[in-house]
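1. What follows is a protein structure lacking sequence information:
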Ligand code: DGL
């Protein structure tokens, strides 16, 4: 068995992708990681494909220059809009998105109707419905853009009256009725998973990505003999625009206690 102790690179438009980093750290404590959150350009969910692709290519270049052995796109929007182009541009690097492992999980189960909530860009791409249909045309996928949820979560408004009202307004939408499962198609949403489950009286399976994606990355690195056997994992967390509020809220997205965000500018201009 061979090992590879280089870090895993992870990126998101901001700090929501820390939920994916958390899943990876829980499952693979030996892996070092470099996280990059593009807070300078947040949110990606309202941007065009071209713009999200340009930022994603810049970040992937940065992570590869920093010796990453694999890249995890810890953002649904970038996974929907930029995964294919990253695969083309960086054919020699392992690149994982957060959508395919979740789709693989959904099609394993016997369901007839699946809901997806996500950013506007992810919903507009229709990626979940297209992928699910490819594997199982009999599953009906219904989607709803829920753009207020990211700022709501970032401002710490979850598990309270505000989130209750907003979730009620979204989840009571006619499209999201009588579903068997609900995919949380945004890496911020694991923070409101339980609250959403309660909305459905815990009768609908709520699927978020951190554990599912971590298992996929683990099994692929294992079969490629690229896991780390280092005794001491090193974590570096970078964001492109550091503010007090990001520093204050980062700890809510990840269990790792010593998180310290560092600013690094990949772009000269906005
Ligand atoms: N983390 C992003 C995602 O998973 C949402 C935040 C954004 O719009 O940039 O789609």
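-> Noted; the coordinates are in hand. What you see is a predicted model; the values in this text were computed from it and never measured.
2. I figured residue 216 was touching residue 96, is that so?
-> Yes. Look at residue 216 against residue 96 with C-beta atoms under 8 Å: they come within range, at 6.6 Å. All C-beta spots, glycine's among them, are computed from the backbone N, C-alpha and C.
3. quick one, which of those two is more surrounded?
-> For residue 216 versus residue 96, neighbours defined as other C-beta atoms under 10 Å are more numerous around residue 96 (24 against 20).
4. Backbone dihedrals for that one, please?
-> Main-chain dihedrals, residue 96, degrees, to the nearest 10: phi -120, psi 140.
5. Can you tell me the closest non-neighbouring residue to residue 188?
-> residue 16 (3.6 Å; C-beta to C-beta, 6 or more residues apart in numbering).
6. you'd agree residue 34 is in a strand?
-> Yes. According to DSSP: H, G, I helix; E, B strand; the rest coil, residue 34 belongs to a strand.
7. What degree of burial does it show, as a neighbour count?
-> If you count neighbours by other C-beta under 10 Å, residue 34 ends up with 22.
8. same deal with residue 113?
-> Count around residue 113 with other C-beta under 10 Å applied: 14.
9. wait, isn't it in contact with residue 136?
-> No. Counting by C-beta under 8 Å, residue 113 does not reach residue 136; the two are 12.0 Å apart.
10. list the contacts for the residue nearest to residue 188?
-> Residue 16 makes contact with 74-75, 150, 153-154, 186-188, 253, according to C-beta atoms under 8 Å, 6 or more residues apart in numbering.
11. got it, and residue 173?
-> Neighbour list for residue 173: residue 144 [criterion: C-beta under 8 Å, 6+ apart].
12. Tell me the confidence at it?
-> At residue 173, the model reports a pLDDT of 97.
13. Quick check: it vs residue 122, distance?
-> 16 Å (C-beta to C-beta, to the nearest Å).
14. So for residue 237, what's the nearest residue that isn't a sequence neighbour?
-> Nearest one to residue 237, counting by C-beta to C-beta, 6+ apart, is residue 35 at 4.6 Å.
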